[in-house]
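Trainee: return atomic coordinates for the entry below.
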Amino acid sequence: MSKIHLISIGGSAMHNIAIALKNAGHQVTGSDDEIYNPSRARLKKAELLPKKMGWNPGNISSDLDYIILGMHARKDNPELKKAQELGIKIYSYPEFLYEMSKDKKRIIIGGSQGKTSTTSMIMWVLKKLKFDFDYLVGGNIKGFDLMVRFSDAPLIVLEGDEYLSSPIDLRPKFLHYKPHIAVITGIDWDHMNVFPTYDIYKNQFIKFIDSIEKNGTLIYFEKDSKVVDAVNASQNSKNLSLKPYSKVDKKDSKGLKIFGDHNLANLNAALLVCNEIGISDKDFWNSISDFEGAAKRLQKIYEDDNTIKFLDFAHAPAKLKATIDAVRNEYPNRKLYAFYELHTYSSLNKDFLPQYKDTMQNCDLAAVLFNPHTLEMKKMSPLDKNEIKSNFNKNSIKIFDNPDELKKYISSLESNNSIYLFMSSGTFGGIDLI
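Mentor: Numbers count the residues shown, from 1 in each chain. Now for the predicted structure:
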């Protein structure tokens, strides 16, 4: 049993790691300056919610075996500084995940979009076929109590995030994992706050390919020229088994509850991963037949005779367009109302806004929300409604800076024979979407 303290325990991955470690018998504590639901409720239920919000150097003592440091903390965090003074081992969570999986076969799913969905598909099939495996995934999946599992399993499946590891470890998370089997679902510039140019961003994926274990396998989306360029630029690709893929044939996915060209491509990536570990096509399709998707990945949140409402995590331009196109193609005879929240650092950066040109053209009505308070919290420059509108290049688009005003607008719409598509990595200011 180890004694472990998590700095910034309230993060989506961090709180799941904390709970999993406690369930495994370790002595776990944590701290944070703000924790929101669902993390707060889950930590409270697990008796891991800090008694007081904020940072306290008194939480750090020399009898700790190690610290796990989340990205939300800053370099001058008083608990972090105390741990450094005492010489306590400090892991970012991807460093820690690698330590926990050094002796396992590692499957890592990377890409600017589709990571969570593809990882979820693989996990669903492995569970249905009673494989023993560990995992970390960025969304909630039906049948899995936590987003992470630690055990003695010989296999681990990890969603490979390209964002930075911690305030003192500025490497992308997926560069820690050293996969035996890797997937790249696509490359579209994101995280402008830490990767200020597209070339810098793409280079992280080249490094990811270079990090794959010798004689490993790289499964990559061949219809994305940026992915192909990264594969060709990698010095390691000649040491790998390269398996390009596109979307599966619709007849193979007939009857599934998921839809959209992007999901048909994700399905093919998941199938190829499963093939690599000995799962037949027949067993894959039998197992995936009742997969409903991860939470907030084209998740149906409401349906009646007149209206269907979907919630999706889409927060980058390519994700936004792919999600709208998928719903339009699935429901060509319904009115499509699309609502999008600018919430990430990139999406709220006026220099990044041109990336959104024409992303919302394939809907009957489009509305975009941004919250000036979010800009203040992120210490970013104010945004102008007209500038946002011109960058989306859709004359009829509505721009809101108040969630309640957006709610009134949604309530005024004719709901007969309609689809409401809500897309955000945030919460639309907490308004009721149903």
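Trainee: check contacts around the nearest residue to residue 319 once chain neighbours are set aside.
Mentor: Among residues not flanking residue 319 along the chain, residue 113 sits closest, at 4.6 Å (C-beta to C-beta, 6 or more residues apart in numbering). (Each C-beta comes from the backbone N, C-alpha and C, glycine too.) Contact partners of residue 113, counting by C-beta atoms under 8 Å, 6 or more residues apart in numbering, are 185-186, 188, 262, 314, 316, 318-319, 322.
Trainee: do the same with residue 172
Mentor: 161-165, 204, 207-208.
Trainee: next one: it from residue 305, what distance?
Mentor: Plainly put, residue 172 is 46 Å away from residue 305 if you go by C-beta to C-beta, to the nearest Å.
Trainee: ok so, going back, how close does the residue nearest to residue 319 get to residue 317?
Mentor: Residue 113 is 10 Å from residue 317, by C-beta to C-beta.
Trainee: next one: residue 107
Mentor: For residue 107, the distance to residue 317 - C-beta to C-beta - is 28 Å.
Trainee: need the contacts of residue 113 in JSON lines with pLDDT and distance to residue 12, can you?
Mentor: As requested, these are exported to JSON lines (pLDDT from 0 to 100; distance: C-beta to C-beta, whole Å):
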{"residue": "185", "pLDDT": "98", "distance to residue 12": "20"}
{"residue": "186", "pLDDT": "97", "distance to residue 12": "22"}
{"residue": "188", "pLDDT": "94", "distance to residue 12": "21"}
{"residue": "262", "pLDDT": "93", "distance to residue 12": "22"}
{"residue": "314", "pLDDT": "90", "distance to residue 12": "17"}
{"residue": "316", "pLDDT": "90", "distance to residue 12": "17"}
{"residue": "318", "pLDDT": "92", "distance to residue 12": "22"}
{"residue": "319", "pLDDT": "93", "distance to residue 12": "17"}
{"residue": "322", "pLDDT": "94", "distance to residue 12": "22"}
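Trainee: determine which two of these are furthest apart.
Mentor: 185 and 314 (14.0 Å; C-beta to C-beta).
Trainee: higher neighbour count, those two?
Mentor: Each of residue 185 and residue 314 has its neighbours counted (other C-beta atoms under 10 Å); residue 314 has more, 27 against 24.
Trainee: list the contacts for the more buried one?
Mentor: Applying C-beta under 8 Å, 6+ apart, the residues near residue 314 are 113, 320, 322-323, 340, 423-424.
Trainee: do the same with residue 311
Mentor: 296, 299, 301, 422-423, 433.
Trainee: name the residues of the lowest-mean-pLDDT helix or strand in the chain that are buried.
Mentor: Taking mean pLDDT, DSSP states H and E as the measure, the helices and strands of the chain show their lowest mean at helix 372-377, namely a mean of 87. For helix 372-377, a neighbour-count test (16 or more other C-beta atoms under 10 Å) marks 374-375 as buried.
Trainee: swap in stretch 80-92?
Mentor: For stretch 80-92, using 16+ other C-beta under 10 Å, the buried residues are 80, 82-83, 88, 90-92.
Trainee: quick one: mean pLDDT for stretch 158-178?
Mentor: In this model, stretch 158-178 has a mean pLDDT of 97.
Trainee: start at 613, not 1
Mentor: With the count now opening at 613, the last piece we talked about shows up as stretch 770-790.
Trainee: for it, how far is the first residue from the last?
Mentor: End-to-end distance for stretch 770-790, by C-alpha to C-alpha, to the nearest Å: 11 Å.
Trainee: ok, stretch 774-786 next?
Mentor: Span of stretch 774-786 from end to end, C-alpha to C-alpha: 6 Å.
Trainee: what comes up buried for that stretch?
Mentor: Judged by neighbour count using 16+ other C-beta under 10 Å, the buried positions of stretch 774-786 are 774, 776-779, 781, 784-786.
Trainee: next step: those restricted to strands.
Mentor: 776-778, 781, 784 (DSSP state E).
Trainee: out of the residues you listed, who's nearest residue 671?
Mentor: Closest to residue 671, out of all of these and judged by C-beta to C-beta, is residue 778, at 17.3 Å.
Trainee: ok, now which ones touch the closest one?
Mentor: Taking C-beta under 8 Å, 6+ apart, we find residue 778 in contact with 681-683, 685, 704-705.
Trainee: now residue 814
Mentor: Contacts of residue 814 (C-beta under 8 Å, 6+ apart): 799, 801, 838, 841-842.
Trainee: what residues of whichever helix or strand it is part of count as buried?
Mentor: In this assignment (DSSP states H and E), residue 814 forms part of helix 810-822. Neighbour-count burial for helix 810-822 flags 813-814, 816-821 (criterion: 16+ other C-beta under 10 Å).
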